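J.: When you get a sec, could you give me coordinates for this:
(one chain, ligands or ions: 1)
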Amino acid sequence: MLEKKSSKIKSQAKIFSFAEKDFRWVCSEIKELFFDLMFPVFCQSCFKYGEVICEECFDSLFFGEPREMSFNELLNVERLFCLSSMENKILARLIHLFKYQYVEDIGKKIGKRAGSLLKESLKKRRIEPRSVVLVPVPIHDGKKRFRGYNQCEVLVEAMASRGDFETGIDWLVKIKKTPAQMSLTRKQRLGNLKDSFRLGFHEPDRDKLIILVDDVVTTGATLSECALVLRKAGYKRIWGWVVAG
Ligand SMILES: [Zn+2]
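T.: Below is the predicted model:
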């Protein structure tokens, strides 16, 4: 009798937990539908409904091949590759949404593309992805807490998901809060960044190809300063991989 009762309770609990799960699922669907109706998402380029950037428009944002570029203040970086240009207004808008409007998914999407492009590029140069470490340009802790993420880390993690790349998320640390580089003169920029970064965790293999990842390059001063820290630590091969120049 007792056994019968306990199995009845058990089956009632099962029904209840199923119903509860079902109810939660329905609620989340309603919530999504509500947000979709209230805040519909349109492609930033062709205004097609559905995504912030549709697949066709996303493809057209990038150069066919990553372009090797040089910048005035890029001193310690051996080679720098850019995937697109800030003159592309749609890309500039997406980067703005990613950095300042907390639309992290855009960064993940761009990062995946950046990872595929890097993989192809290394293959052409016969460089093993395993000999590479992707290091994001760091931002100050306070800024990271405010934004919720470092945009370059988001890019690096998405890039790594597209290849067998090692990531060096904490290899560089930003120790000084600095005003935005773009607002300064050349002299101020160099002084502004001096001693802003230090080495964090790193591995002893100094023959690895370090690829510094940044969202935007304007003069190259930030990348150069990051590379200087790595050079001082004994790394000899340092490249830059940047979304837009
Ligand atoms: Zn579109």
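J.: right, and the helix or strand after the least confident helix or strand in the chain by mean pLDDT?
T.: Lowest on mean pLDDT, DSSP states H and E among the helices and strands of the chain sits helix 2-38, with a mean of 70. Downstream of helix 2-38, the first helix or strand assigned by DSSP states H and E is helix 55-59.
J.: How about the residues of this protein by the ion?
T.: 43, 45-46, 48, 54, 57 (C-beta under 5 Å from the ion). For every residue, glycine as well, the C-beta is placed using N, CA and C.
J.: Make sure Glu153 is actually in contact with Pro136.
T.: Yes. Between Glu153 and Pro136 there is a contact under C-beta atoms under 8 Å: 4.7 Å.
J.: list the residues that contact both of those two?
T.: Ile169 (C-beta atoms under 8 Å, 6 or more residues apart in numbering).
J.: Among those two, which residue is more densely surrounded?
T.: Using other C-beta atoms under 10 Å as the criterion, Glu153 and Pro136 rank with Pro136 on top: 25 against 21.
J.: and the more buried one, backbone torsions?
T.: phi -80, psi 150 (degrees, to the nearest 10).
J.: And it, how far from Met86?
T.: 19 Å (C-beta to C-beta, to the nearest Å).
J.: Nearest residue to the middle of the protein?
T.: Nearest residue to the geometric centre of the chain (C-alpha atoms, centre = their mean): Leu155, 1.7 Å.
J.: Just give the number of residues close to the residue nearest to it when sequence neighbours are not counted.
T.: Sequence neighbours aside, Gly111 is the residue nearest to Leu155 in space, at 4.1 Å (criterion: C-beta to C-beta, 6 or more residues apart in numbering). Residues lying near Gly111 (other C-beta under 10 Å) number 27.
J.: Please apply the same query to the one 10 residues further on.
T.: Applying the criterion other C-beta under 10 Å, we find 14 residues in the vicinity of Ser121.
J.: Spit out the contact partners of the residue nearest to the centre of the chain.
T.: So Leu155 contacts 107, 110-111, 114, 136, 213, 215, 243 (C-beta under 8 Å, 6+ apart).
J.: what's the closest of those to the ion?
T.: If you rank the contacts of Leu155 by distance to the ion using C-beta to the ion, Ile110 comes first, at 15.0 Å.
J.: what's the closest one sitting at in phi/psi?
T.: phi -60, psi -40.
J.: rewinding a little: now for the contacts of Leu155: which two are most distant?
T.: Ile110 and Pro136 (13.4 Å; C-beta to C-beta).
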